[in-house]
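>>> Below: sequence and its predicted model.
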2 protein chains.
Amino acid sequence: MIKVALIEDTAEIREGIENFLNQQKDMACLFAADSVERFLKEIKSTPDVLLLDITLPGMSGLSGIPHLKEKFPRLEIIMITIHDDPNRIFEALCQGATGYLLKNTPFLDIKKSIEEIHRGGSPMSPQIARKVIHHFQNIRPAKSESPLSPKEKEIVTGLVDGLSYKMIADRLEITIETVRTHIKNIYQKLQVHSKAEVITKSLRGEI
Amino acid sequence: MIKVALIEDTAEIREGIENFLNQQKDMACLFAADSVERFLKEIKSTPDVLLLDITLPGMSGLSGIPHLKEKFPRLEIIMITIHDDPNRIFEALCQGATGYLLKNTPFLDIKKSIEEIHRGGSPMSPQIARKVIHHFQNIRPAKSESPLSPKEKEIVTGLVDGLSYKMIADRLEITIETVRTHIKNIYQKLQVHSKAEVITKSLRGEI
DNA sequence: CTCAATATCCCATAATCGTGGTATGGCTTA
DNA sequence: TAAGCCATACCACGATTATGGGATATTGAG
């Protein structure tokens, strides 16, 4: 039995979702509030999953996340919203939300999402996922000419990931001796003498 | 009719997916190759969607993405892989992949994903989505105070500068043994096991 | 005052790394 | 065709790192 809670200011939507959840066999809506403040004050037990609207009177869902997480550290939060503004999505995810659904999502899919998040997944509509990914792609612009060969760059990636030579060898499916050779060449090209320097250069965008 | 292509080195999996795709009414598998190199050399027409394995002989799927995107700028790429290593996922998404599926995904879901990506969404299994989101959540919380003591932060700075224990000891005018102790404590606090990981965390603002 | 955190120092050992070699085969290009 | 880069692989050795012990002194918070 998944214990769900809900914060949504529009009574119609709130009651609709609440009723729907309570009709399900494997979940129950513990509590439904119209604001973060009221929720924090009045909730009695500990929910597993919270459906949280972004636009709320008083404290917004976004700024409420840290408070909610503080009171219930293991709470999984799914944002529900009409906005699909990438910045808000990004913000919510950074604050600690784990899922993100649009308000027009059918009830049945909301149910699936609650089950999904409870299983350790992250429900996200594909449209949202695409926006999230675009954010990723924008923060790392294509870098200019690097003196390193493609394989060498893969080795560097391994170093940045904190892998040992052995682990890099496994990942790239080559022997550790080949990894050593590549690394020697990388050091030569970059004029460095340690993993540490390569990682620093790489993360500072100097490669 | 969605034009799909496939790069996967295991013949069994490749042919399985190829056959399945060709049985669908609304899609066709234009071409299936066992390596990025062969794909780029032999493909004749322009696919809409590419299913791309990460682990490949020769050029890895990861490093192949830029080449594939260069030849087919509007190509949508879905990574298919047995690995769910967050670093690789992150890398693939940054390189320009738009979807990410685990190899055990049922054929029917692969089909749905292809349709989804073609509609402008981003197919991702919820497990993957969770990992992606964790990446988001780890980039930000630089705001909270670090668990490291002032001295420990100085040690970290030394590591980032590529110094050996000896050099850090000289710089801070303490013995190398003290440096060792500090580093042991740092590893403990950050739950890591190498200089490399400390440097990466530090430069990513996670400390 | 006591405790926890910090900072200092020492020892020992196994694993990993850095660096010097050598060598083969494929590919590109002058 | 020869020169060069790239990727692959192996050997050897000293340096460095990772991790397990202990030990002592200071300091600020409860």
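That came in fine, so what should we check first?
>>> And what about residue A:63, helix, strand or coil?
Judged by DSSP: H, G, I helix; E, B strand; the rest coil, the three-state class of residue A:63 is helix.
>>> what does chain A have sitting close to DNA strand C?
Counting by CB under 7 Å from any atom of the strand, the residues of chain A close to DNA strand C are A:164, A:165, A:166, A:180, A:181, A:183, A:184, A:187, A:193, A:194, A:195, A:196. From N, CA and C alone the C-beta is placed, and that goes for glycine too.
>>> mind running it again at 6 Å?
Within chain A, the positions near DNA strand C by CB under 6 Å from any atom of the strand are A:164, A:165, A:166, A:180, A:181, A:183, A:184, A:187, A:193, A:194, A:195.
>>> Now that we have the residues you listed, which of them are buried?
A:164, A:165, A:183, A:195 (16 or more other CB atoms under 10 Å in any protein chain shown).
>>> Quick check: of those, which lies closest to residue A:85?
residue A:195 (40.6 Å; CB to CB).
>>> Which stretches in chain A count as helices?
A:11-22, A:36-42, A:61-71, A:86-95, A:107-118, A:126-139, A:150-160, A:165-172, A:176-190, A:195-203 (DSSP state H).
>>> how about CSV for those helices, with distance to residue B:31 and mean pLDDT added?
Compiled in CSV, these are given as follows (distance: least, CB to CB, whole Å; pLDDT from 0 to 100):
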stretch, distance to residue B:31, mean pLDDT
helix A:11-22, 46, 93
helix A:36-42, 53, 88
helix A:61-71, 45, 81
helix A:86-95, 34, 76
helix A:107-118, 34, 89
helix A:126-139, 25, 72
helix A:150-160, 23, 90
helix A:165-172, 26, 91
helix A:176-190, 31, 92
helix A:195-203, 35, 92
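>>> can I get these in TSV with distance to residue B:70?
Shown next, in TSV, are the helices of chain A (distance: least, CB to CB, whole Å):
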stretch	distance to residue B:70
helix A:11-22	46
helix A:36-42	48
helix A:61-71	38
helix A:86-95	26
helix A:107-118	36
helix A:126-139	15
helix A:150-160	13
helix A:165-172	23
helix A:176-190	24
helix A:195-203	23
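>>> Residue B:23: which of the ones you listed is closest?
That would be, of those and by CB to CB, helix A:126-139, which comes in at 23.6 Å.
>>> That closest one to helix B:126-139, inter-axis angle?
40 degrees (axes from the mean of the first three to the mean of the last three CA atoms, to 10 degrees).
>>> related to what we said a few turns ago, out of the residues of chain A next to DNA strand C, who's near chain B?
A:164, A:194, A:195 (CB under 8 Å from any CB of the partner chain).
>>> Verify the stated contact: residue A:46 with residue A:76.
No: judged on CB atoms under 8 Å, residue A:46 makes no contact with residue A:76 at a distance of 11.9 Å.
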